[in-house]
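# pasting the structure only:
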Ligand SMILES: [Zn+2]
């Protein structure tokens, strides 16, 4: 069980993103951009 809020989901498999997966977080043009590594997909993705 986890209480982590959903930060987004993988555009490829739809799996929810946990905070622990976030590699990079920054603000671009006023919007927060996240890059996260998904163990399931074994890729770094931009969660939607
Ligand atoms: Zn995925």
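Yes, it's here. Computed from a predicted model, the values in this text were never measured in an experiment.

# contacts and neighbour counts: CA atoms only from here.
Fine.

# What ranges in the chain fall below the confidence cut-off?
1-6 (pLDDT under 70).

# Output the set of residues of it in proximity to the ion.
Applying Cα under 5 Å from the ion, one finds that the chain approaches the ion through 10, 12-13, 41.

# Narrow those residues to just the buried residues.
Among the residues of the chain next to the ion, those buried by neighbour count (16 or more other Cα atoms under 10 Å) are residue 10.

# In JSON lines, list the residues of the chain next to the ion along with secondary structure and distance to residue 22.
Formatted as JSON lines, the residues of the chain next to the ion follow (DSSP: H, G, I helix; E, B strand; the rest coil; distance: Cα to Cα, whole Å):
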{"residue": "10", "secondary structure": "coil", "distance to residue 22": "12"}
{"residue": "12", "secondary structure": "coil", "distance to residue 22": "16"}
{"residue": "13", "secondary structure": "coil", "distance to residue 22": "17"}
{"residue": "41", "secondary structure": "coil", "distance to residue 22": "14"}
